[in-house]
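J.: Below are the sequence and a predicted model; questions follow.
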Amino acid sequence: MSRSACLIFNPVAGQGDPELELDQIRSILEPEIELDIYFTTEEVDADELARAAVERGVEAIIASGGDGTLSAAAAAVVNTNIPFGIISRGTANAFAAALTIPDTIADACQTILQGKTRAVDVAYCNERLMVLLVGIGFEAGTVEKADRNAKNRLGMMAYILAGIQELGNLQKFAVEIETEDKIIQTIASAVTVANAAPATSVLAHGPAGIIFDDGLLDLTIVAPENKTGAIAATFHLFQTATAGTPVERDDIGYLRAKTFKITTEPPQKVVIDGEVVGTTPVEINCIPEGLRVFVPSVAEDIPTEKLEGLPNLTVEMKD
Ligand SMILES: Nc1ncnc2c1ncn2[C@@H]1O[C@H](COP(=O)(O)OP(=O)(O)OP(=O)(O)O)[C@@H](O)[C@H]1O
């Protein structure tokens, strides 16, 4: 056995049985990787454990928990060049979906065993790390309503129901957005700045695709007139995010930049990678290739050919 890693494990994440899940991780990884295992507690979070691991000079850091655990651990690993492994066991698992990493324990462990890494961008939002996205306005209410209890009872449905409830409270705010080369002022209900985003984070999907290693961030402004408009806008975002096409509604706008300074009137709550962490104003700066992540060695490319299933199909390969 020549490889070693620090495994940071959140024993209360998700809705599974943590003992069984840890056994499964150990049974797959330990034949090849010597694991030094640390548990998060209410007092000691993944960030603190990962910082200590970086100081010990570990070969790799693997975090296992929900998006909160993964984001906290990643904060300590940024700009260290230490490879970072992700084993998602949370409710939303947006991290894995956005970075195209498998979200089952078995496949996530295989990805780490394969050993292939890829440099991905990250960003700092008011000095706090963001790997996925920052949500201003609408998203905070959704995250606050989907608390630990609701997630334990309902899983992913907790977020969906909270989102529907929040549509009833839709608030508008004045926003000023400053990039490297422009200043924009408008009225919005949600502003989302994404480095990487799963298709389920519909409010981030104004542009056709969010690329997590292009050195840029994508900002989407959603500004519906009323609740009916909000439902129509959300549905349109859902359709375009799924199809990978840009939005085409007057009440949704988007732009791409390295840096965003955002102020709102009145101040709005800010959600970073799924956690409510303060209020506007925010300054968000992209850190190109700041995190080295274990990724599947076979990229999950969109297939360019599909023939099987066609009637009376024959395929003859030419010399
Ligand atoms: N041993 C523990 N006991 C109680 N709380 C813990 C413990 N370890 C971590 N936590 C808390 O768990 C939260 C992070 O949970 P995490 O995001 O990993 O899982 P989740 O909430 O199930 O997933 P998701 O973010 O996908 O909804 C943090 O607030 C952290 O303080």
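T.: That came through, no problem. Just so you know, these numbers come straight off a predicted model, no measurement behind them. Numbers count the residues shown, from 1 in each chain.
J.: For the rest of this, base every contact and every neighbour count on C-alpha atoms.
T.: Fine.
J.: isn't T91 right up against V12?
T.: No: counting by CA atoms under 8 Å, T91 does not reach V12; the two are 11.2 Å apart.
J.: higher neighbour count, these two?
T.: T91 (22 against 18; other CA atoms under 10 Å).
J.: Leaving out the residues flanking it, which one is nearest to that one?
T.: Computed as CA to CA, 6 or more residues apart in numbering, the closest residue to T91 that is not its neighbour in sequence is G14, at 5.2 Å.
J.: For that neighbour, grab the count of nearby residues.
T.: Count around G14 with other CA under 10 Å applied: 22.
J.: in a helix, that's where it is, yeah?
T.: No: according to DSSP: H, G, I helix; E, B strand; the rest coil, the state of G14 is coil, so it is not within a helix.
J.: Please report how far it lies from E43.
T.: For G14, the distance to E43 (CA to CA, to the nearest Å) stands at 19 Å.
J.: One more: P224?
T.: Distance, P224 to E43, using CA to CA: 41 Å.
J.: Could you tell me which residues make contact with F260?
T.: 177-180, 283-285 (CA atoms under 8 Å, 6 or more residues apart in numbering).
J.: Just the ones in strands from those, please.
T.: The strands, defined by DSSP state E, take in 177-178, 283-285 from the contacts of F260.
J.: between these, which is nearest the ligand?
T.: I284 (21.5 Å; CA to the nearest ligand atom).
J.: thinking again about what came up before, buried subset of the contacts of F260?
T.: 177-179, 283-285 (16 or more other CA atoms under 10 Å).
J.: Relative to T240, which of those is nearest.
T.: I177 (23.9 Å; CA to CA).
J.: now that closest one, which residues is it bridged with?
T.: Taking DSSP bridges as the rule, I177 bridges to I184, I262.
J.: Next, work out how far apart it and F235 are.
T.: Going from I177 to F235 by CA to CA gives 25 Å.
J.: How about V222?
T.: Counting by CA to CA, the separation of V222 from F235 is 12 Å.
J.: can you pull out the helices in this protein?
T.: Assigned by DSSP state H, the helices in the chain fall at 18-29, 46-56, 67-77, 94-98, 105-114, 138-145, 148-154, 157-167, 227-243.
J.: most packed of those?
T.: Greatest average neighbour count among the helices of the chain goes to helix 67-77 (a mean of 24), per mean count of other CA atoms under 10 Å.
J.: Where does the prediction get shaky in the stretch 1-150 of the chain?
T.: 1, 145-150 (pLDDT under 70).
J.: Contacts only, for P288.
T.: Listed by CA under 8 Å, 6+ apart, the contact partners of P288 are 120-123, 213-216.
J.: and if you look at E275?
T.: 68, 143.
J.: What pLDDT is listed against it?
T.: pLDDT for E275: 85.
J.: Distance-wise, check it relative to the ligand.
T.: 8 Å (CA to the nearest ligand atom, to the nearest Å).
J.: Tell me how many other residues surround T220.
T.: 23.
J.: Leaving out chain neighbours, which residue sits closest to it?
T.: Y254 (4.4 Å).
J.: From N312, how far off is that neighbour?
T.: 46 Å.
J.: Domain map for the chain?
T.: Split into domains by the TED database, the chain comes to 3-115, 129-288.
J.: mind checking the end-to-end distance for the longest one?
T.: Start-to-end span of domain 129-288 (CA to CA) is 13 Å.
J.: how far away is whatever residue of the stretch 201-319 of the chain ends up closest to the ligand from D36?
T.: Of all residues in the stretch 201-319 of the chain, G274 sits closest to the ligand, at 6.5 Å by CA to the nearest ligand atom. G274 sits at a distance of 28 Å from D36 (criterion: CA to CA).
J.: what's near enough to touch the closest residue to N81 other than its chain neighbours?
T.: Closest residue to N81 apart from its sequence neighbours, by CA to CA, 6+ apart: R292 at 6.1 Å. Neighbouring residues of R292 by CA under 8 Å, 6+ apart: 81-84, 117-120.
J.: Swap in 6 Å and give it another go.
T.: Shown in contact with R292 (CA atoms under 6 Å, 6 or more residues apart in numbering): 83, 118-119.
J.: Let's have the helices of the chain in JSON lines, adding distance to E316.
T.: As requested, the helices of the chain are exported to JSON lines (distance: least, CA to CA, whole Å):
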{"stretch": "helix 18-29", "distance to E316": "41"}
{"stretch": "helix 46-56", "distance to E316": "54"}
{"stretch": "helix 67-77", "distance to E316": "47"}
{"stretch": "helix 94-98", "distance to E316": "37"}
{"stretch": "helix 105-114", "distance to E316": "34"}
{"stretch": "helix 138-145", "distance to E316": "53"}
{"stretch": "helix 148-154", "distance to E316": "50"}
{"stretch": "helix 157-167", "distance to E316": "47"}
{"stretch": "helix 227-243", "distance to E316": "32"}
